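> prediction below, plus the sequence it came from.
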Amino acid sequence: MRVVKIGGSTLFRLEELWRSDGLSEVLRKAVVVHGGSRHVDELSKRLGVRVERLTSPSGVTFRRTTREVLDVYVAAMMKANRDLVSFLQAQGIKAVGLSGLDNELIVGRRKRLVKALVGDRVIAIRDDYSGTIERVNVGALRSFMRLGIPVVASIAYDPMENVPLNVDGDKVALHMALSLNARELRFVSDSAFLANGEVVRRLPLEDFEEFLPHARGGMRKKLLMAKKAVESGIDKVVIQGLNGRTVIA
Ligand SMILES: Nc1ncnc2c1ncn2[C@@H]1O[C@H](COP(=O)(O)OP(=O)(O)OP(=O)(O)O)[C@@H](O)[C@H]1O
Ligand SMILES: [Mg+2]
């Protein structure tokens, strides 16, 4: 079993992606998870919905997900999902477009308290609709697999509050790979991991701490998920970009 996370950063360049480094073969037999940050940014701009970017006390930036931003998030992610599904179908791959809401595929829990740094003060946010992932419904996923390649948008479902949640796509991919006992986890993004402008082809865990400072933002998150994947015993963990690939081992 193989889980492939398609980064929102590549969804506007699907033709290019398709031609890159064996992906057309890889995607024929996979469970696909996808992000969609750019879709969310563009739709919110078009709708005139202000999205606030905040920084957590540990220094990670995130999008504040108010109820209004949540609506934009869900709409934009489902548009990203449709784009990817129709692209795959045009390539002759039967794809089943899903999100974590369908059949409670990804169950999460809303973060009832989110902390953010404003100047030198830490503020508490209680109306955020981002969440943590609790479990992946493997039975449902396997049923969908009988119909085609599941293509899952990174939206979780909180059954306690009956709401969709903004969840990180890289985290969803890791959870899915672990729940399915996948042998391979591949993060496809616009770039492989770069250090000093060069693609790092192989990153052994022994060198991880030394190389991590080269990664910022989305790549930093991806590397941390990749590390967890290797530590959890997934055989093959790859960050694949349009410029090459990084194998984490
Ligand atoms: N050392 C690095 N090597 C490569 N990319 C890096 C590095 N440091 C930061 N980045 C940034 O990380 C980005 C990839 O992460 P990002 O979260 O934006 O994409 P994604 O995960 O593919 O998309 P999405 O989050 O929408 O699913 C790159 O486009 C680049 O701007
Ligand atoms: Mg990302």
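That came through fine. Ligands and ions are numbered 1, 2, ... in the order given.

> give me the distance between the residue most central in space within the chain and ligand 1.
A centroid search over the chain (CA atoms, centre = their mean) returns G169, at 1.6 Å, as the residue closest to the centre. In this view, G169 and ligand 1 are 4 Å apart by CB to the nearest ligand atom, to the nearest Å. (Glycine included, C-beta is placed from N, CA and C.)

> list the contacts for that residue?
Shown in contact with G169 (CB atoms under 8 Å, 6 or more residues apart in numbering): K5, G7, G8, V33, H34, G35, G36, S154.

> do you know the pLDDT at it?
Per-residue confidence (pLDDT) for G169: 97.

> now swap in T61 and tell me
87.

> that one reaches S37, doesn't it?
No - T61 lies out of contact with S37 (CB atoms under 8 Å); the separation is 11.5 Å.

> show me which residues of the protein sit near ligand 1.
Counting by CB under 6 Å from any ligand atom, the positions of the chain adjacent to ligand 1 are 7-9, 35-37, 169, 189-191, 193-194, 214-219, 222.

> which one of T61 and S37 has more residues nearby?
S37 (21 against 12; other CB atoms under 10 Å).

> nearest residue to the more buried one in space, ignoring adjacent ones along the chain?
G8 (4.5 Å; CB to CB, 6 or more residues apart in numbering).

> give me the next element, helix or strand, following the lengthiest helix in the chain.
Longest helix in the chain by number of residues (criterion: DSSP state H): helix 67-90. Helices and strands here follow DSSP states H and E; after helix 67-90, the next one along the chain is strand 95-99.

> for the helix or strand following that next one, list every residue counted as buried.
Beyond strand 95-99 on the C-terminal side, the first helix or strand identified by DSSP H and E is strand 106-110. Neighbour-count burial for strand 106-110 flags I106, V107, G108, R110 (criterion: 16 or more other CB atoms under 10 Å).

> next one: the nearest residue to the first one once chain neighbours are set aside from R112, what distance?
If you skip the residues right next to it in sequence, I106 has G100 as its closest partner in space, 2.9 Å away by CB to CB, 6+ apart. Taking CB to CB, to the nearest Å as the measure, G100 falls 19 Å from R112.

> hang on, the earlier thing: now, the contacts of G169 that are in strands?
K5, V33, H34 (DSSP state E).

> any idea of the mean pLDDT for stretch 10-25?
On average, stretch 10-25 scores 90.

> that one: end-to-end distance?
Length of stretch 10-25, first residue to last, CA to CA, to the nearest Å: 17 Å.

> cool, and stretch 231-248?
Span of stretch 231-248 from end to end, CA to CA: 10 Å.

> tell me which residues in it are buried?
I234, V237, V238, I239, Q240, G241, L242, G244, R245, T246, V247, I248.

> in a markdown table: those, plus distance to T55.
Output for those, formatted as a markdown table (distance: CB to CB, whole Å):
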| residue | distance to T55 |
| --- | --- |
| I234 | 31 |
| V237 | 28 |
| V238 | 30 |
| I239 | 24 |
| Q240 | 29 |
| G241 | 26 |
| L242 | 29 |
| G244 | 31 |
| R245 | 30 |
| T246 | 26 |
| V247 | 31 |
| I248 | 27 |
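
> if we only consider these, which is nearest to E198?
When the buried residues of stretch 231-248 are compared for distance to E198 (CB to CB), G244 comes out closest, at 9.2 Å.

> before we move on, the earlier item: so among the buried residues of stretch 231-248, where is pLDDT lowest?
L242 (92).

> my read: that one touches S20, true?
Yes - under the criterion of CB under 8 Å, L242 makes contact with S20 at 5.5 Å.
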